[in-house]
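Engineer: Predicted structure and sequence below. I'll ask about it afterward.
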Amino acid sequence: SGERYAGYINDFRSGVGNDVNVFCMVVPTSSAYYTPSNFADYNASHLDSINSVYDNLDEGVVAIDAYGALALHTDEPIYTRTDHHWQPLGAYYAAQEFARVAELPFAELETMEVRTYDNFMGSLYTFTQDQDLYNDPEVFTYYVPANDFSTNYFNTSYEEGFRSIFFLEMDRFNAYSTFMGGDQKIVRVDTDVNNGRKLAVIKDSYGNAEIPFFMNSFEQIYVIDMRYFDLNIFDFVEQEGITDVLFTCCTFSAVGPNAEGIHTIQTN
C-alpha cells in the first residue's frame, strides 16, 4: 500500500502552502513490464502500488503518470538489463511527461549530446557474480543538455559547498553513478534558463537520471535524496525560494521502507 507515502506528501503539501507546486511521480521498475509469465507470482502489481499512492493524494498534489508514459516505449531500451536502475532513455520519457503536465519548456532528445559507456555491467552482476551475465554486457547511454549549467555539491546539511561537474567519469561497473556520483549529498544545478522557477527534486537513486532533462525547464534545481537530508525540508524550501517540488522514486521506495525518509525530512 502507498497510503503511508501519500500521507507524507500530503503533509508536505499542507506545510508549504499553495505558493509551491507539488508533484508526485512514482516510477515502476523493469519488472512491471518484462517479468516472464512463469515468474509473475513473485512480482506484485506495480500499477496497483502506484495507484495506491495516487488514490490517496490530496487534491493539491499533482500525480504524474510515469507508468503510462513508459508503457508506450517498452520496445525501446528504457531499462538496464544488468542493473536495478533504468536507462536514461526511460528517465527522459518520464521527465517529458512531467514537463507536459507542469506546462514547462522541455528540450527534445535530438538537441542533446549522446554519450555511452560500452560493456556496462551493473549491480545485478555485482550482486550475483554470474558469469553468463558478465559475458553479456550492455551499452549505457546518457544525454548531456546543450544549454549552459553549473553544478555545486554540498554535504547533507547544505554546508561545505564546492563546484564540480555533473557528469562524472566512472568505470563500466558504476556507469549509473555518472550522475553526480551517487546519492549522499545535496546538489544545486544553476542553468541559463530565466523563468523564475526553482525545482527541488526529492528522490531515491532513480531520480538521478531525470535531472539532466530538467535543465532546460528550471533556472535552479536542488537535488535531495529522501534518505540523506539533515535539514528541515519546509525551512529549506522557504530559504531557497523554491517554486516547484517533485517527489520522484521507484515503486520499491514508495511502498517500502525508503518512504519513511519523507517523514524524517519534515521533522528534522
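Structural biologist: On my side now, so go ahead.

Engineer: ok, the residue positioned nearest the centre of the chain to R172 distance?
Structural biologist: The centre of the chain sits closest to G207, judged by Cα atoms, centre = their mean, with a distance of 1.2 Å. As defined by Cβ to Cβ, to the nearest Å, G207 lies at a distance of 23 Å from R172. Where you see a C-beta, it was placed from the backbone N, CA and C, and this is true even at glycine.

Engineer: picking up where we left off before, test my guess that the residue nearest to the centre of the chain contacts V201.
Structural biologist: Yes - at 5.5 Å, G207 and V201 qualify as touching, with contact defined as Cβ atoms under 8 Å.

Engineer: Name the residues contacting each of these two.
Structural biologist: Here G207 and V201 have V223, T248 as joint contacts, going by Cβ atoms under 8 Å, 6 or more residues apart in numbering.

Engineer: contacting residues for T156?
Structural biologist: Q184, K185, I186, Y228, F229, D230.

Engineer: Work out for me the element the last one sits within.
Structural biologist: Remark: D230 resides in no helix or strand, with elements defined by DSSP states H and E.

Engineer: residues touching it, list them.
Structural biologist: So D230 contacts T156, S157, N268 (Cβ under 8 Å, 6+ apart).

Engineer: Out of these, which comes closest to F12?
Structural biologist: Nearest to F12 out of the contacts of D230 is N268 (Cβ to Cβ; 12.9 Å).

Engineer: count of neighbours near the closest one?
Structural biologist: Burial of N268 is recorded as 13 neighbouring residues (other Cβ atoms under 10 Å).

Engineer: Near the closest residue to it other than its chain neighbours, how many other residues are there?
Structural biologist: Take N268 and drop its neighbours on the chain: the residue closest to it by Cβ to Cβ, 6 or more residues apart in numbering is N232, 4.7 Å away. Neighbourhood size, N232 [other Cβ under 10 Å]: 15.

Engineer: pretty sure N232 contacts I265?
Structural biologist: Yes - if you go by Cβ under 8 Å, N232 and I265 touch, sitting 7.2 Å apart.

Engineer: The host helix or strand of R13: how far from the chain's middle?
Structural biologist: Secondary structure from DSSP H and E places R13 in helix 3-16. How far helix 3-16 lies from its chain's middle: 18 Å, per Cα atoms, centre = their mean, to the nearest Å.

Engineer: which residues of the stretch 151-268 of the chain fall in helices?
Structural biologist: Here the stretch 151-268 of the chain has its helices, by DSSP state H, counting those that start in this stretch, at 233-240, 251-254, 260-267.

Engineer: Quick check: mean pLDDT of the shortest one?
Structural biologist: Which is helix 251-254. The predicted model gives helix 251-254 an average pLDDT of 96.

Engineer: Show residues contacting that helix.
Structural biologist: 2, 5, 26-29, 32, 46, 49-50, 53, 204, 206, 226, 258-259.

Engineer: Farthest-apart pair in these, please.
Structural biologist: Taking Cβ to Cβ, no two of those sit farther apart than A32 and M226, at 21.0 Å.

Engineer: In terms of neighbours, single out the busier of those two.
Structural biologist: M226 (25 against 22).

Engineer: residues contacting that one?
Structural biologist: M226 neighbours (Cβ under 8 Å, 6+ apart): I202, K203, D204, F247, C249, S253, N258, A259, G261, I262, T264, I265.

Engineer: before we move on, what about G181?
Structural biologist: L168, M170.

Engineer: For stretch 2-9, buried residues please.
Structural biologist: G2, R4, Y5, A6, G7, Y8, I9 (16 or more other Cβ atoms under 10 Å).

Engineer: nope, stretch 36-47 is what I meant
Structural biologist: For stretch 36-47, by 16+ other Cβ under 10 Å, it's H46.

Engineer: okay, it in CSV with CA atoms only?
Structural biologist: Output in CSV follows, covering the C-alpha atoms of stretch 36-47 (Å, rounded to 0.1, in the frame of the first residue of the first chain):
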residue,chain,number,x,y,z
PRO,A,36,8.3,-13.6,-17.6
SER,A,37,4.8,-15.1,-17.1
ASN,A,38,6.2,-18.1,-15.2
PHE,A,39,7.6,-15.7,-12.6
ALA,A,40,4.6,-13.4,-12.3
ASP,A,41,3.7,-14.8,-8.8
TYR,A,42,6.9,-13.4,-7.5
ASN,A,43,6.1,-9.8,-8.6
ALA,A,44,3.5,-7.5,-7.1
SER,A,45,1.5,-5.3,-9.4
HIS,A,46,3.4,-2.0,-9.9
LEU,A,47,0.3,-0.4,-11.3
